[in-house]
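S.K.: model this:
(chains A and B)
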Amino acid sequence: GENVEQHPSTLSVQEGDSAVIKCTYSDSASNYFPWYKQELGKGPQLIIDIRSNVGEKKDQRIAVTLNKTAKHFSLHITETQPEDSAVYFCAASWGTGFQKLVFGTGTRLLVSP
Amino acid sequence: DAEITQSPRHKITETGRQVTLACHQTWNHNNMFWYRQDLGHGLRLIHYSYGVQDTNKGEVSDGYSVSRSNTEDLPLTLESAASSQTSVYFCASSESPGTTDTQYFGPGTRLTVL
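M.R.: Just a heads-up that it's a prediction; the model follows:
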(Lines give C-alpha, C1' and ligand atoms only; values in the text may rest on other atoms or scores of the structure.)
Protein backbone atom coordinates (compact mmCIF):
# COMPACT_ATOMS: atom_id res chain seq x y z
CA GLY A 1 0.00 0.00 0.00
CA GLU A 2 0.85 3.67 -0.11
CA ASN A 3 3.02 5.40 2.48
CA VAL A 4 3.28 9.19 2.78
CA GLU A 5 6.01 10.97 4.72
CA GLN A 6 5.67 14.65 5.63
CA HIS A 7 8.28 17.16 6.82
CA PRO A 8 8.77 19.18 8.89
CA SER A 9 6.51 18.29 11.78
CA THR A 10 6.57 21.89 13.02
CA LEU A 11 7.39 25.10 11.20
CA SER A 12 7.63 28.59 12.66
CA VAL A 13 7.83 31.64 10.41
CA GLN A 14 7.44 35.39 10.70
CA GLU A 15 4.44 37.06 9.13
CA GLY A 16 5.18 37.83 5.50
CA ASP A 17 7.72 35.02 5.09
CA SER A 18 7.17 31.99 2.88
CA ALA A 19 6.53 28.49 4.20
CA VAL A 20 7.24 25.20 2.45
CA ILE A 21 6.01 21.77 3.52
CA LYS A 22 7.25 18.66 1.75
CA CYS A 23 5.80 15.18 1.30
CA THR A 24 7.07 12.02 -0.33
CA TYR A 25 5.00 9.05 -1.40
CA SER A 26 5.90 5.46 -2.13
CA ASP A 27 3.38 4.18 -4.68
CA SER A 28 4.18 5.38 -8.21
CA ALA A 29 0.57 4.60 -9.18
CA SER A 30 -0.77 7.37 -6.91
CA ASN A 31 -2.28 10.10 -9.04
CA TYR A 32 -4.08 12.58 -6.78
CA PHE A 33 -2.44 14.72 -4.09
CA PRO A 34 -4.61 16.99 -1.93
CA TRP A 35 -3.55 19.29 0.89
CA TYR A 36 -5.77 19.86 3.91
CA LYS A 37 -5.69 22.58 6.56
CA GLN A 38 -6.94 21.79 10.05
CA GLU A 39 -7.68 24.53 12.52
CA LEU A 40 -7.95 23.84 16.23
CA GLY A 41 -11.09 21.90 17.11
CA LYS A 42 -12.22 21.51 13.50
CA GLY A 43 -12.11 18.92 10.78
CA PRO A 44 -9.58 19.11 7.94
CA GLN A 45 -10.52 21.32 5.01
CA LEU A 46 -9.19 20.98 1.46
CA ILE A 47 -7.10 23.99 0.42
CA ILE A 48 -5.55 22.81 -2.84
CA ASP A 49 -5.01 19.63 -4.80
CA ILE A 50 -3.01 18.46 -7.80
CA ARG A 51 -3.32 15.57 -10.18
CA SER A 52 -0.42 13.60 -11.63
CA ASN A 53 -0.75 15.11 -15.11
CA VAL A 54 0.08 18.58 -13.75
CA GLY A 55 3.42 19.79 -12.36
CA GLU A 56 2.28 22.89 -10.52
CA LYS A 57 -0.94 24.56 -9.41
CA LYS A 58 -1.49 27.94 -7.81
CA ASP A 59 -4.35 29.55 -5.93
CA GLN A 60 -3.55 33.05 -4.74
CA ARG A 61 -0.89 32.70 -2.00
CA ILE A 62 -0.88 28.91 -2.11
CA ALA A 63 0.85 26.67 -4.62
CA VAL A 64 1.57 22.97 -4.89
CA THR A 65 4.32 21.37 -6.96
CA LEU A 66 4.62 17.74 -7.94
CA ASN A 67 7.73 15.82 -9.02
CA LYS A 68 6.53 12.41 -10.19
CA THR A 69 10.03 11.12 -10.90
CA ALA A 70 11.19 11.80 -7.36
CA LYS A 71 7.75 10.97 -5.93
CA HIS A 72 7.47 14.11 -3.88
CA PHE A 73 5.14 17.08 -3.73
CA SER A 74 5.27 20.33 -1.80
CA LEU A 75 2.97 23.03 -0.47
CA HIS A 76 4.17 26.62 -0.77
CA ILE A 77 2.53 29.46 1.13
CA THR A 78 3.75 32.97 0.33
CA GLU A 79 3.24 36.16 2.34
CA THR A 80 2.15 34.17 5.37
CA GLN A 81 -0.41 35.64 7.74
CA PRO A 82 -1.27 34.74 11.35
CA GLU A 83 -4.50 33.13 10.15
CA ASP A 84 -2.40 30.63 8.19
CA SER A 85 -1.41 29.11 11.54
CA ALA A 86 -2.86 25.58 11.58
CA VAL A 87 -1.92 21.96 11.00
CA TYR A 88 -1.46 21.03 7.35
CA PHE A 89 -1.80 17.49 6.01
CA CYS A 90 -0.73 16.15 2.66
CA ALA A 91 -2.33 13.03 1.22
CA ALA A 92 -2.01 10.70 -1.74
CA SER A 93 -4.66 8.62 -3.39
CA TRP A 94 -4.12 4.91 -3.20
CA GLY A 95 -5.62 2.13 -5.24
CA THR A 96 -7.37 2.06 -8.56
CA GLY A 97 -10.93 2.85 -9.43
CA PHE A 98 -12.49 3.79 -6.11
CA GLN A 99 -9.73 5.86 -4.56
CA LYS A 100 -8.77 6.12 -0.92
CA LEU A 101 -6.52 8.71 0.67
CA VAL A 102 -3.38 8.03 2.71
CA PHE A 103 -2.38 11.02 4.84
CA GLY A 104 0.95 12.33 6.01
CA THR A 105 1.52 12.91 9.72
CA GLY A 106 0.89 16.66 9.57
CA THR A 107 2.87 19.90 9.91
CA ARG A 108 2.03 22.44 12.58
CA LEU A 109 2.62 25.89 11.07
CA LEU A 110 2.94 28.86 13.40
CA VAL A 111 3.01 32.34 11.87
CA SER A 112 4.15 34.99 14.31
CA PRO A 113 3.09 38.64 13.84
CA ASP B 1 -26.70 24.75 3.54
CA ALA B 2 -25.63 21.17 3.05
CA GLU B 3 -23.28 19.90 5.72
CA ILE B 4 -21.78 16.93 7.51
CA THR B 5 -22.37 16.53 11.24
CA GLN B 6 -21.04 14.20 13.88
CA SER B 7 -22.44 13.31 17.28
CA PRO B 8 -21.60 13.28 20.05
CA ARG B 9 -18.72 15.77 19.88
CA HIS B 10 -17.22 14.36 23.07
CA LYS B 11 -17.70 10.93 24.62
CA ILE B 12 -16.21 9.22 27.65
CA THR B 13 -16.79 5.51 28.01
CA GLU B 14 -15.41 2.50 29.83
CA THR B 15 -13.40 -0.40 28.52
CA GLY B 16 -15.60 -3.16 27.13
CA ARG B 17 -18.65 -1.01 26.39
CA GLN B 18 -20.19 -0.73 22.95
CA VAL B 19 -20.10 2.77 21.52
CA THR B 20 -21.69 4.18 18.37
CA LEU B 21 -20.57 7.42 16.77
CA ALA B 22 -22.99 9.07 14.37
CA CYS B 23 -22.22 10.73 11.05
CA HIS B 24 -24.86 12.47 8.94
CA GLN B 25 -24.41 14.34 5.65
CA THR B 26 -26.96 16.30 3.69
CA TRP B 27 -25.07 16.53 0.38
CA ASN B 28 -26.47 13.23 -0.90
CA HIS B 29 -22.88 12.05 -1.39
CA ASN B 30 -22.33 8.43 -2.35
CA ASN B 31 -18.98 8.04 -0.59
CA MET B 32 -18.51 8.18 3.17
CA PHE B 33 -15.38 7.54 5.23
CA TRP B 34 -14.36 7.17 8.85
CA TYR B 35 -10.87 8.17 10.02
CA ARG B 36 -9.14 8.30 13.35
CA GLN B 37 -6.57 10.96 14.17
CA ASP B 38 -3.73 10.30 16.57
CA LEU B 39 -0.62 12.34 17.29
CA GLY B 40 2.22 11.16 15.09
CA HIS B 41 -0.06 9.18 12.78
CA GLY B 42 -2.10 11.77 10.95
CA LEU B 43 -5.47 10.47 9.77
CA ARG B 44 -5.92 6.75 9.23
CA LEU B 45 -8.82 5.18 7.38
CA ILE B 46 -11.03 2.88 9.45
CA HIS B 47 -13.94 2.01 7.14
CA TYR B 48 -15.50 3.42 4.02
CA SER B 49 -18.66 3.07 1.96
CA TYR B 50 -19.37 3.81 -1.68
CA GLY B 51 -23.13 3.57 -1.38
CA VAL B 52 -26.09 2.03 0.44
CA GLN B 53 -25.37 -1.51 1.65
CA ASP B 54 -21.69 -1.16 0.67
CA THR B 55 -18.98 -1.18 3.38
CA ASN B 56 -15.25 -1.80 3.18
CA LYS B 57 -12.38 -2.15 5.63
CA GLY B 58 -9.68 0.45 5.78
CA GLU B 59 -6.18 0.45 7.21
CA VAL B 60 -7.17 0.17 10.91
CA SER B 61 -10.54 -1.60 10.95
CA ASP B 62 -10.02 -4.11 13.78
CA GLY B 63 -12.53 -3.51 16.58
CA TYR B 64 -14.76 -1.26 14.46
CA SER B 65 -17.81 -1.84 12.27
CA VAL B 66 -20.07 0.30 10.07
CA SER B 67 -23.37 -0.14 8.31
CA ARG B 68 -24.93 1.92 5.51
CA SER B 69 -28.70 1.67 5.37
CA ASN B 70 -29.28 5.03 3.67
CA THR B 71 -27.27 7.62 1.75
CA GLU B 72 -27.08 10.17 4.57
CA ASP B 73 -25.72 8.16 7.50
CA LEU B 74 -22.68 6.02 8.28
CA PRO B 75 -22.56 5.16 12.00
CA LEU B 76 -19.30 3.80 13.40
CA THR B 77 -19.56 1.16 16.15
CA LEU B 78 -16.84 0.14 18.55
CA GLU B 79 -18.00 -3.31 19.56
CA SER B 80 -15.99 -3.52 22.79
CA ALA B 81 -14.15 -0.29 23.47
CA ALA B 82 -10.45 -0.49 24.34
CA SER B 83 -8.09 2.17 25.69
CA SER B 84 -6.18 2.01 22.39
CA GLN B 85 -9.30 3.39 20.71
CA THR B 86 -9.05 6.68 22.57
CA SER B 87 -8.75 9.10 19.67
CA VAL B 88 -10.43 11.82 17.64
CA TYR B 89 -12.72 10.37 14.99
CA PHE B 90 -13.58 12.15 11.75
CA CYS B 91 -16.25 11.32 9.25
CA ALA B 92 -15.93 12.49 5.65
CA SER B 93 -17.94 12.30 2.46
CA SER B 94 -17.35 12.82 -1.25
CA GLU B 95 -19.60 12.89 -4.24
CA SER B 96 -18.88 10.18 -6.74
CA PRO B 97 -17.26 6.76 -6.67
CA GLY B 98 -14.33 6.14 -8.96
CA THR B 99 -13.17 9.75 -8.93
CA THR B 100 -10.84 11.90 -6.89
CA ASP B 101 -13.51 14.23 -5.59
CA THR B 102 -12.89 16.43 -2.59
CA GLN B 103 -13.56 14.80 0.74
CA TYR B 104 -15.51 17.01 3.15
CA PHE B 105 -14.85 16.39 6.81
CA GLY B 106 -17.11 16.67 9.82
CA PRO B 107 -16.06 18.47 13.02
CA GLY B 108 -14.89 15.30 14.76
CA THR B 109 -15.75 13.29 17.87
CA ARG B 110 -13.27 13.08 20.72
CA LEU B 111 -13.59 9.65 22.33
CA THR B 112 -11.95 8.72 25.61
CA VAL B 113 -11.96 5.09 26.75
CA LEU B 114 -11.16 4.67 30.44
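S.K.: host element of A:Lys58?
M.R.: Using DSSP states H and E, A:Lys58 falls within strand A:56-59.
S.K.: direction included, what does the next helix or strand after that strand pair up with?
M.R.: Going down the chain from strand A:56-59, the next helix or strand is strand A:62-67, by DSSP H and E. Paired strands of strand A:62-67, with direction, are strand A:56-59 (antiparallel), strand A:72-77 (antiparallel) (DSSP bridges).
S.K.: near chain B, which residues of chain A are found?
M.R.: A:1, A:4, A:6, A:31-32, A:34, A:36, A:41-46, A:49, A:51, A:89, A:93, A:97-106 (CB under 8 Å from any CB of the partner chain). C-beta: built from backbone N, CA, C; applies to glycine.
S.K.: please identify the deepest-packed of the strands paired with strand A:62-67.
M.R.: strand A:72-77 (a mean of 21; mean count of other CB atoms under 10 Å in any protein chain shown).
S.K.: re earlier: so which of the residues of chain A next to chain B sit within helices?
M.R.: Using DSSP state H, no member of those falls in helices.
S.K.: re earlier: let's have the strands paired with strand A:62-67 in a markdown table, adding distance to B:Asn70 and mean pLDDT.
M.R.: Below are these laid out as a markdown table (distance: least, CB to CB, whole Å; pLDDT from 0 to 100):
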| stretch | distance to B:Asn70 | mean pLDDT |
| --- | --- | --- |
| strand A:56-59 | 35 | 94 |
| strand A:72-77 | 37 | 97 |
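S.K.: same list (the ones you listed) but as TSV, adding distance to B:Val88.
M.R.: Formatted as TSV, the strands paired with strand A:62-67 follow (distance: least, CB to CB, whole Å):
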stretch	distance to B:Val88
strand A:56-59	28
strand A:72-77	23
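S.K.: for A:Ser12, find the nearest of these.
M.R.: A:Ser12 lies closest to strand A:72-77 among the strands paired with strand A:62-67, at 13.2 Å (CB to CB).
S.K.: neighbouring contacts of the closest one?
M.R.: Identification of contacts with strand A:72-77 by CB atoms under 8 Å, 6 or more residues apart in numbering or on different chains yields A:18-25, A:33, A:35, A:48, A:50, A:61-67, A:84, A:88, A:90, A:109.
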